[in-house]
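*Asks:* Any chance you could fold what I've pasted below:
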Amino acid sequence: MTNSAKGLIIASIGVLIMSLESLFIKLATVSALTFSFYLGIFMFFSMTLTMFIKQRDEIKSITKNSFPILLFAAFLMGSSNIFFITAIKNTTVANVVIIFGTSALFASFFAYFLYKEKIEKNILIASFFMIIGLFIIFSDNLGLGNLLGNMYALFCTISFSLTFVFLSKYKKISRMALIAIAGICISTISLILSDSLVINLNNLLIIAFMGLLITPFARVLMGNGTKYISSAEVALLMIIETLMAPIWVWIFLNEIPNSNTFLGGSIIMSTLILNSLYTLKKGNIK
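*Replies:* Got it, this is the predicted structure:
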């Protein structure tokens with residue numbers, strides 16, 4: 001198996017697991033910041049325990065491999081999680097994950113501005129149609145698809161894309177350490193901004209399952225994928241979440257997107273699929 005294929009498989013499994021997050025966020029009946037606070041604690045506990053059991057040597061080398069970048073990437077990932085949870089609480093899952101599906105566009109542009117990585121012509125063409133799709137989704141400020149939630153989804157996409165641009169450049173950074181520190185960032189930011197952290201047992205169990213298993217291991221798999229494939233390629237795999245997250249919520253909670261989401265989402269999804277097929281065909285030709 002080639003490194004590229006290995007990276008695609010690892011990252012794809014991570015994205016598939018991550019698609020379940022939206023459902024758990026919707027199931028919990030606490031505020032976004034309260035949810036984020038406990039999620040961060042569980043993420044930190046899960047990753048730290050895993051490192052002590054399986055990768056104790058990595059703990060000693062954390063400060064040796066681009067530690068400032070590790071801290072900055074962890075802050076970006078933590079912020080992305082908070083924005084994502086807040087977005088899910090304020091608009092439909094379909095809106096959030098469709099906007100999130102444009103992360104490949106942002107990753108490509110950030111990689112260009114930060115590291116002068118060439119932007120392919122197909123990315124520029126895809127960007128044009130994605131912007132049209134986003135405009136249609138953002139034009140609906142009423143009902144379930146409100147502007148506030150859409151804006152948080154956009155902030156989430158930007159910070160998430162930046163995180164994976166840095167990770168693709170600094171491949172030696174410990175992915176588990178990154179998730180653990182991101183958990184600290186999430187809890188710290190939420191503690192400062194939240195008015196109340198009161199929670200009942202049912203909500204705590206929902207967040208515990210997500211924080212101990214789903215979120216950290218999805219991020220670790222996606223982070224490990226960047227060791228073998230580019231940040232833009234990882235971001236393209238977000239199409240899996242774009243497809244699956246609304247399906248999980250529709251099956252279990254019967255949440256149906258509005259017409260603007262269907263129209264704008266169709267444009268973005270078609271663009272993502274065509275761009276992915278073009279990228280795959282171009283890679284095979286090479």
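*Asks:* so how far is Phe52 from the spatially closest residue to Met244 that is not a sequence neighbour?
*Replies:* Leaving aside its sequence neighbours, Met244 sits nearest to Ser19 (Cβ to Cβ, 6 or more residues apart in numbering; 3.8 Å). The C-beta positions use only the backbone N, C-alpha and C, and glycine is treated the same way. Separation of Ser19 from Phe52 (Cβ to Cβ, to the nearest Å): 29 Å.
*Asks:* ok, these two, which is more surrounded?
*Replies:* More neighbours surround Ser19 than the other of Ser19 and Phe52, with 24 against 11 (other Cβ atoms under 10 Å).
*Asks:* Double-check the more buried one against Trp248; I have them as touching.
*Replies:* Yes: Ser19 is in contact with Trp248 according to Cβ atoms under 8 Å; the separation is 6.6 Å.
*Asks:* Ser4 contacts Ile229, correct?
*Replies:* Yes: counting by Cβ under 8 Å, Ile229 is a contact partner of Ser4 at 5.9 Å.
*Asks:* if you count what's nearby, which of these two comes out ahead?
*Replies:* Ile229 (20 against 13).
*Asks:* rewinding a little: quick one: contacts for the residue nearest to Met244?
*Replies:* Counting by Cβ atoms under 8 Å, 6 or more residues apart in numbering, Ser19 touches Val97, Ile240, Glu241, Leu243, Met244, Ala245, Trp248.
*Asks:* Now for the residues you listed, which sits with the most neighbours around it?
*Replies:* Val97 (28 neighbours).
*Asks:* in this protein, which helix or strand is least confident?
*Replies:* Within the chain, no helix or strand scores below helix 231-236, which has a mean of 66 by mean pLDDT, DSSP states H and E.
*Asks:* any idea of the mean pLDDT for the next helix-or-strand element following that one?
*Replies:* Moving toward the C-terminus from helix 231-236, the next helix or strand (DSSP states H and E) is helix 239-253. Mean pLDDT, computed over helix 239-253, is 85.
*Asks:* Buried residues, the helix or strand following helix 239-253. List them.
*Replies:* Downstream of helix 239-253, the first helix or strand assigned by DSSP H and E is helix 259-285. By neighbour count on 16 or more other Cβ atoms under 10 Å, the buried set for helix 259-285 is Asn260, Thr261, Gly264, Gly265, Ile267, Ile268, Met269, Thr271, Leu272, Asn275, Ser276, Thr279.
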